[in-house]
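Trainee: 3D, please:
(2 chains)
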Amino acid sequence: AQKVIQVWSTASRQEGEELTLDCSYETSQVLYHLFWYKHLLSGEMVFLIRQMSSSTAKERSGRYSVVFQKSLKSISLVISALQPDDSGKYFCALWEPGTQVVGQLTFGSGTRLQVYA
Amino acid sequence: AQTIHQWPVAEIKAVGSPLSLGCTIKGKSSPNLYWYWQATGGTLQQLFYSITVGQVESVVQLNLSASRPKDDQFILSTEKLLLSHSGFYLCAWSRTGGGNYAEQFFGPGTRLTVL
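Mentor: Sure, this is the predicted structure:
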């Protein structure tokens, strides 16, 4: 079974609009981290924002913010004032402590975003 | 500032040929290192991780091997490529300690095409 689910494989918006990308996850851990990454066409994977399971703060980084609904095991990435450069593939990832010394980072299947000028 | 380099940028190889992909991290001592693989259109799958020189743990068995000959270097290799090895290979690093240091930072990746 998939641990990290991104339902929408593609999305498109006009420049200036706001977009919410949804992600749901499964974990039995009490403490875990959730991340959003952006995969550029060049191949580079860029870290965007992190949400710690223990935090109730509304995480924000520039035009990126998250909506974390812990009881629903859901985390959404909100991108405001979209720009064409926001186009790319967005991955949700779950980090759990586990059998590995370094923990385990599991990625969703990603949502490809196209922003039109 | 930490920088992560991967080489080569892209590779086209024949089935059955050997492969060696490299990754170097500068500006960070004793990082945790990771190799990921992404099939075309797929998600990222962790292949290996290493917490120290000479120590590598396999996460997924894909007929690949990895080594960490130096603190700042991580190598992915195989003696015999399969068609299924095609895809995008990403190297990543994280601070040691887990927990608050869970963020992984990725290199630019290597695109591998096996024909």
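Trainee: next to chain B, which bits of chain A? Give me the list.
Mentor: Applying CB under 8 Å from any CB of the partner chain, we find that chain A lies next to chain B at A:31, A:33, A:35, A:37, A:42-47, A:50, A:52, A:91, A:95, A:97, A:100-105, A:107-110. C-betas here are computed from N, CA, C, even on glycine.
Trainee: give the buried residues for stretch B:1-8.
Mentor: In terms of neighbour count (16 or more other CB atoms under 10 Å in any protein chain shown), stretch B:1-8 has its buried residues at B:4, B:6.
Trainee: starting at the chain centroid, how far to that stretch?
Mentor: In terms of CA atoms, centre = their mean, to the nearest Å, the centre of stretch B:1-8 is set 11 Å apart from its chain centre.
Trainee: with just CA atoms, put it into PDB.
Mentor: Provided in PDB are the C-alpha atoms of stretch B:1-8 (Å, rounded to 0.1, in the frame of the first residue of the first chain):
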ATOM      1  CA  ALA B   1      27.500  26.700   2.000                       C
ATOM      2  CA  GLN B   2      27.100  23.000   1.100                       C
ATOM      3  CA  THR B   3      27.200  22.000  -2.600                       C
ATOM      4  CA  ILE B   4      26.500  18.600  -4.100                       C
ATOM      5  CA  HIS B   5      27.800  17.500  -7.400                       C
ATOM      6  CA  GLN B   6      26.900  14.500  -9.500                       C
ATOM      7  CA  TRP B   7      28.600  13.100 -12.500                       C
ATOM      8  CA  PRO B   8      28.000  12.500 -15.200                       C
END
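Trainee: what's that stretch in contact with?
Mentor: For stretch B:1-8, contacts defined as CB atoms under 8 Å, 6 or more residues apart in numbering or on different chains pick out B:21-28, B:31, B:89-93, B:105-110.
Trainee: buried only: go through the residues you listed for me.
Mentor: Neighbour counting with 16+ other CB under 10 Å marks B:21-25, B:28, B:31, B:89-93, B:105-110 as buried within the contacts of stretch B:1-8.
Trainee: wouldn't residue B:78 be in contact with residue B:17 here?
Mentor: No - using CB atoms under 8 Å, residue B:78 is not in contact with residue B:17; the gap is 9.2 Å.
Trainee: so those two - more neighbours on which side?
Mentor: Between residue B:78 and residue B:17, residue B:78 has the larger neighbour count (other CB atoms under 10 Å in any protein chain shown), namely 18 against 13.
Trainee: following element in sequence after the helix or strand hosting residue B:5, please.
Mentor: Using DSSP states H and E, residue B:5 falls within strand B:3-7. Where DSSP H and E defines the elements, the next helix or strand beyond strand B:3-7 is strand B:10-13.
Trainee: wait, doesn't residue B:93 sit right on residue B:104?
Mentor: Yes - using CB under 8 Å, residue B:93 makes contact with residue B:104 at a distance of 6.9 Å.
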